[in-house]
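when you get a sec, could you give me coordinates for this:
(one chain, ligands or ions: 1)
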Amino acid sequence: MDVSNENQVKHFFEKSQITHVINCAAYTAVDRAESEKEKADLINHLSVRNLGKICKEKNIKLIHISTDYIFDGTNYEPYREENLTKPQSVYGKTKLDGENALKDLNHGTVIRTSWVYSEFGKNFLKTMLKLGKERDELGIIFDQVGTPTYAKDLAKIILDNLDSIRNEKTEVYHYSNEGVCSWYDFAKAIFELSNISCNVKPLETKEYPTPAKRPSYSLLNKSKIKKDFNIEIPYWRDSLKECLIKLGEIK
Ligand SMILES: NC(=O)c1ccc[n+]([C@@H]2O[C@H](COP(=O)([O-])OP(=O)(O)OC[C@H]3O[C@@H](n4cnc5c(N)ncnc54)[C@H](OP(=O)(O)O)[C@@H]3O)[C@@H](O)[C@H]2O)c1
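Model prediction:
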């Protein structure tokens, strides 16, 4: 369904027996959002508020995915859930407004994540695999650091912990894989593990200007989710390897 179409959403909830909603729908074109503010707001904020309202009315548990881009990236230690938010882009601002709409309703669990990839859809890993095979050299930004997240790992912790997710008040959690790297390190690891001989040159952010500003540091502290859900989180390179195997890039 189109989450921004109130009638469609209402109809969907009326005809289905739903116990949980995991909202992964979002306007994710970070650069395009700078010139499509209304559309980004509709999907990342107003639609989330609408889903939250319906879920609260019907006592349905809502798990909503949010982003590290709600921070400004000036921290020097991994961001905790309660740290000051200060988005630097329209995308980040609309995602934060979506989180706040759920907080106002006091319903739903927000999971902020970062640098998501998988074998499906479009993402950094798949772009690197394609470009790395086509070109001899690529320039990749080294002065933005964070942690990649394999979507499968995040999906697993959500599905495994549906029963422990409470909705009495809005809780925020941080989740990414373990460890830290720059986009440059991420690209190097992809090529190394997949035996792709493409040279990676480190670029500064200022050498690759984009319409939307991105946080230069977006590490997430995951202590809360690890404690509340009693989980261990895989190291980012191990998960990357697993995804490359699934993609058939390595054995
Ligand atoms: N990718 C990252 O690095 C990253 C980092 C942090 C957080 N996140 C968050 O993770 C979640 C999933 O993002 P993703 O990376 O998987 O991005 P994605 O591939 O762009 O997925 C977003 C999905 O939302 C759907 N969608 C967009 N507008 C919709 C609407 N009006 N109604 C219903 N569905 C709609 C899209 O469908 P179509 O394909 O049909 O348009 C797409 O399947 C989002 O909440 C995003 O903010 C992502």
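
helices and strands of the protein: which one bottoms out on pLDDT?
Lowest on mean pLDDT, DSSP states H and E among the helices and strands of the chain sits helix 6-15, with a mean of 93.

near the ligand, which residues of the stretch 1-150 of the chain?
2-4, 24-28, 43, 65, 67-68, 95, 113-116, 121 (C-beta under 6 Å from any ligand atom). Yep, even glycine has a C-beta here, placed from its N, CA and C like the rest.

residue ranges for the helices of this structure, please.
6-15, 37-41, 47-57, 90-105, 124-134, 151-160, 183-193, 223-228, 236-246 (DSSP state H).

okay if I get those as JSON lines plus mean neighbour count?
Shown next, in JSON lines, are the helices of the chain (neighbours: other C-beta atoms under 10 Å):
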{"stretch": "helix 6-15", "mean neighbour count": "13"}
{"stretch": "helix 37-41", "mean neighbour count": "17"}
{"stretch": "helix 47-57", "mean neighbour count": "20"}
{"stretch": "helix 90-105", "mean neighbour count": "22"}
{"stretch": "helix 124-134", "mean neighbour count": "16"}
{"stretch": "helix 151-160", "mean neighbour count": "16"}
{"stretch": "helix 183-193", "mean neighbour count": "20"}
{"stretch": "helix 223-228", "mean neighbour count": "15"}
{"stretch": "helix 236-246", "mean neighbour count": "18"}
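
per-stretch mean pLDDT over those helices, give me the minimum one.
If these are sorted by mean pLDDT, helix 6-15 sits at the bottom with a mean of 93.

that older thread, from the residues of the stretch 1-150 of the chain next to the ligand, which land in strands?
Counting by DSSP state E, the part of these found in strands is 65, 67, 113, 116.

what sits against the third one?
Under the criterion of C-beta atoms under 8 Å, 6 or more residues apart in numbering, the contact list for residue 113 reads 65-68, 149, 154, 174-176, 220.

run the last query once more with 7 Å
Listed by C-beta atoms under 7 Å, 6 or more residues apart in numbering, the contact set of residue 113 reads 65, 67, 149, 154, 175-176.

the first one too?
Each residue near residue 65 by C-beta under 7 Å, 6+ apart is listed here: 23-24, 111, 113.

quick one: residue 21 from residue 217, how far?
According to C-beta to C-beta, to the nearest Å, residue 21 and residue 217 sit 32 Å apart.

single out the residue in the stretch 151-251 of the chain that lies closest to the ligand.
residue 151 (6.8 Å; C-beta to the nearest ligand atom).

I figured that residue hits residue 116, correct?
Yes: between residue 151 and residue 116 there is a contact at 5.4 Å, judged by C-beta atoms under 7 Å.

possible to save the ones in strands among the residues of the stretch 1-150 of the chain next to the ligand as a markdown table with pLDDT?
As requested, those are exported to a markdown table (pLDDT from 0 to 100):
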| residue | pLDDT |
| --- | --- |
| 65 | 98 |
| 67 | 98 |
| 113 | 98 |
| 116 | 98 |
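
I appreciate the help and will end here.
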